[in-house]
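J.: this one's sequence-less:
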């Protein structure tokens, strides 16, 4: 039966396209026209769909089905006024047609009258073939209104009838996530899986929810079931790899990423994580190999370019490190740690003007933390005296919260010592030590010119 339908379907398309080529007039019944139009809409050939609709509605002007398809196309092109005229026309012919109600709701939605669209769709009778489609559309309308509780309710009702519609399942999970109730999400997914035990999407999402709650054992079990349901499910292997990394089971993580990369050869994300794992294991040459594989497959992965640069910097290959880091900066110039490395590389190359460029970029990005400020202070001390940069750094102190005042005072002290303003430097150092003595050893290790602790006992 299916084969007969496909032959009929193909014959109708073939006959229609032959007619267009020869300009001969051929007869099509309304069902044939419907199949032809649906076919062209599904493959996205709007031009031929328009031609078929034009001919169809000319021959069958009172066919509600054909006019509804015409409305579908008009809505696709946002021709709302024309759509409404046609809706009014066919409503007179078939006022009880649920398809008309659905199209009216779509028009209201396009006009951003989402609440009115919902009120219309709620009228769809439970016995209608389109009842569950209406539930799905109501859910989407509530999403437009950011009413995630109501949207979730209607999507769940829809899924009771269409449990394999994973697009709607993702909508339900989006609602749960927006509401921010992880426990309810986990409960729902477990309930859903009782009746759909081989739904790899649900297992995968359940694993991610467990991971969010740091229930790693349960998360790994869920990802295992996702793989049992679909042993080519790349996402499950990658999520398992991430958790195994967190559990410091680095070799096991590499195995999962390698499987993901073999399934989808190549998988840049998996390659990057393999590289990071080898970095953690101290396998620098292997790490560099996989970082290079990553950028070969994904040339705009700035993190991979940065990692290559850092590894080369560690090996003392400064010029090559700089070349790779520039590629990372060309992709993303808003990362402070990229500019910090750029400054360090150029300092090692004695290119102090380049160091100054990096310094200014870091200050312009803002959002500094103590670690950034410490790096900048170290640079100020090491490069030839530059009062402009020093003053810029001192001005940036105002950007820090009161909670880190004592750490900042240690750094200010270091700056004043390098400016040979020792009295001022000692005042800040003494204040920093008085309120936070535990940090003294840390900063003394970085700035070895700080006086020894004994000095505080005599002042």
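T.: That came through fine. Since the structure is predicted, the reported quantities are computational estimates derived from the model, not experimental observations.

J.: burial count for residue 164?
T.: Residue 164 sits with 10 neighbouring residues when counted by other C-beta atoms under 10 Å. To be clear about C-beta, it is placed using only N, CA and C from the backbone, and glycine gets the same treatment.

J.: Regarding residue 329, which helix or strand does it belong to?
T.: When elements are assigned from DSSP states H and E, residue 329 belongs to helix 318-331.

J.: list the helices and strands that helix packs on?
T.: Counting contacts by 3 or more C-beta pairs under 8 Å, 6 or more residues apart in numbering; DSSP states H and E, the secondary-structure elements packed against helix 318-331 are helix 302-314, helix 336-348.

J.: is it possible to export these to JSON lines including mean neighbour count, distance to residue 26 and mean pLDDT?
T.: Formatted as JSON lines, the helices and strands packed on helix 318-331 follow (neighbours: other C-beta atoms under 10 Å; distance: least, C-beta to C-beta, whole Å; pLDDT from 0 to 100):
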{"stretch": "helix 302-314", "mean neighbour count": "22", "distance to residue 26": "58", "mean pLDDT": "97"}
{"stretch": "helix 336-348", "mean neighbour count": "21", "distance to residue 26": "65", "mean pLDDT": "94"}
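
J.: which stretch among those comes nearest residue 197?
T.: Closest to residue 197 of the helices and strands packed on helix 318-331, according to C-beta to C-beta: helix 302-314, at 37.4 Å.

J.: who's in contact with the closest one?
T.: 268, 272, 275-276, 279, 284, 287-288, 291-292, 294-295, 298, 318, 320-322, 324-325, 327-329, 331-332, 335, 337-338, 341, 344-345, 348 (C-beta atoms under 8 Å, 6 or more residues apart in numbering).

J.: let's see 6 Å
T.: Contacts of helix 302-314 from elsewhere in the structure, counted by C-beta atoms under 6 Å, 6 or more residues apart in numbering, are 272, 284, 288, 291, 294-295, 320-321, 324-325, 327-328, 331-332, 338, 345.

J.: Stretch 154-169 too?
T.: If you take C-beta under 6 Å, 6+ apart as the criterion, stretch 154-169 is touched by 132, 135, 136, 138, 139, 171, 172, 196, 201.

J.: Go through these and flag which are in helices.
T.: Members of the contacts of stretch 154-169 lying in helices (criterion: DSSP state H): 132, 135, 136, 138, 139, 171, 172, 201.

J.: Narrow the residues you listed to those that are buried.
T.: Among those, those classed as buried by 16 or more other C-beta atoms under 10 Å are 132, 135, 136, 138, 139, 171, 172, 201.

J.: From residue 121, how far out is the third one?
T.: Distance, residue 136 to residue 121, using C-beta to C-beta, to the nearest Å: 10 Å.

J.: Could you do the fifth one as well?
T.: With distances defined as C-beta to C-beta, the gap from residue 139 to residue 121 amounts to 10 Å.

J.: now the second one
T.: Counting by C-beta to C-beta, the gap between residue 135 and residue 121 amounts to 8 Å.

J.: swap in the last one?
T.: Residue 201 sits at a distance of 26 Å from residue 121 (criterion: C-beta to C-beta).

J.: can you check residue 115 too?
T.: Noted for residue 115: a distance of 11 Å to residue 121, by C-beta to C-beta.

J.: Without its sequence neighbours, what residue ends up closest to residue 190?
T.: Closest residue to residue 190 in three dimensions, ignoring its sequence neighbours and counting by C-beta to C-beta, 6 or more residues apart in numbering: residue 206, at 6.9 Å.

J.: contact partners of the helix or strand harbouring residue 253?
T.: Using DSSP H and E, residue 253 sits within helix 250-263. Under the contact criterion C-beta under 6 Å, 6+ apart, helix 250-263 has outside partners 232, 234, 237-238, 240-241, 244-245, 267, 270, 273-274, 277, 280-281.

J.: Show me the shaky parts of the protein.
T.: 1-10, 95, 453-459 (pLDDT under 70).

J.: 50 instead?
T.: The model of the chain has pLDDT under 50 over residues 1-9.

J.: Isn't residue 294 up against residue 270?
T.: No: using C-beta atoms under 6 Å, residue 294 makes no contact with residue 270, being 9.1 Å away.

J.: Hmm, residue 417 is touching residue 425, no?
T.: Yes: judged on C-beta under 6 Å, residue 417 makes contact with residue 425 at a distance of 4.2 Å.

J.: what number of residues lie near the residue lying closest to residue 447 once chain neighbours are set aside?
T.: Distances taken as C-beta to C-beta, 6+ apart place residue 414 nearest to residue 447, at 4.4 Å, with adjacent residues excluded. Neighbourhood size, residue 414 [other C-beta under 10 Å]: 23.

J.: host element of residue 414?
T.: Here residue 414 is covered by helix 405-418, with elements defined by DSSP H and E.

J.: Quick check: buried residues in stretch 155-163?
T.: For stretch 155-163, the neighbour count (16+ other C-beta under 10 Å) marks 155, 156, 158, 159 as buried.

J.: Identify, from the residues you listed, the entry nearest to residue 220.
T.: Nearest to residue 220 among the buried residues of stretch 155-163, counting by C-beta to C-beta, is residue 159 at 26.2 Å.

J.: how much space between the closest one and residue 133?
T.: Taking C-beta to C-beta as the measure, residue 159 falls 13 Å from residue 133.

J.: distance of the residue nearest to residue 320 when sequence neighbours are not counted from residue 383?
T.: Of all residues not flanking residue 320 in the chain, residue 312 sits nearest, at 5.0 Å (C-beta to C-beta, 6+ apart). Counting by C-beta to C-beta, the gap between residue 312 and residue 383 amounts to 22 Å.

J.: again with residue 106
T.: Relative to residue 383, residue 106 is positioned 64 Å away (C-beta to C-beta).

J.: Looking only at neighbour counts, state which of the two leads.
T.: When residue 106 and residue 383 are compared on other C-beta under 10 Å, the one with more neighbours turns out to be residue 106, at 20 against 17.

J.: The more buried one: what's it in contact with?
T.: Residues near residue 106 by C-beta under 6 Å, 6+ apart: residue 75.

J.: One more pass at 8 Å, please.
T.: Residue 106 makes contacts with 75, 117, 137, as judged by C-beta under 8 Å, 6+ apart.

J.: What residues sit buried inside the helix or strand that contains residue 209?
T.: Remark: residue 209 resides in helix 200-212, with elements defined by DSSP H and E. Residues 200, 201, 202, 203, 204, 205, 206, 207, 208, 209, 210, 211 are the ones in helix 200-212 that count as buried (16+ other C-beta under 10 Å).

J.: Give me the distance between the third one and residue 149.
T.: With distances taken as C-beta to C-beta, residue 202 is found 21 Å from residue 149.

J.: And the last one, by the same measure?
T.: Here the distance between residue 211 and residue 149 works out to 25 Å (C-beta to C-beta).

J.: and if you look at the second one?
T.: Applying C-beta to C-beta, one obtains 23 Å for the distance of residue 201 from residue 149.

J.: got it, and the fifth one?
T.: Taking C-beta to C-beta as the criterion, residue 204 is separated from residue 149 by 24 Å.

J.: One more: the fourth one?
T.: For residue 203, the distance to residue 149 equals 25 Å [C-beta to C-beta].
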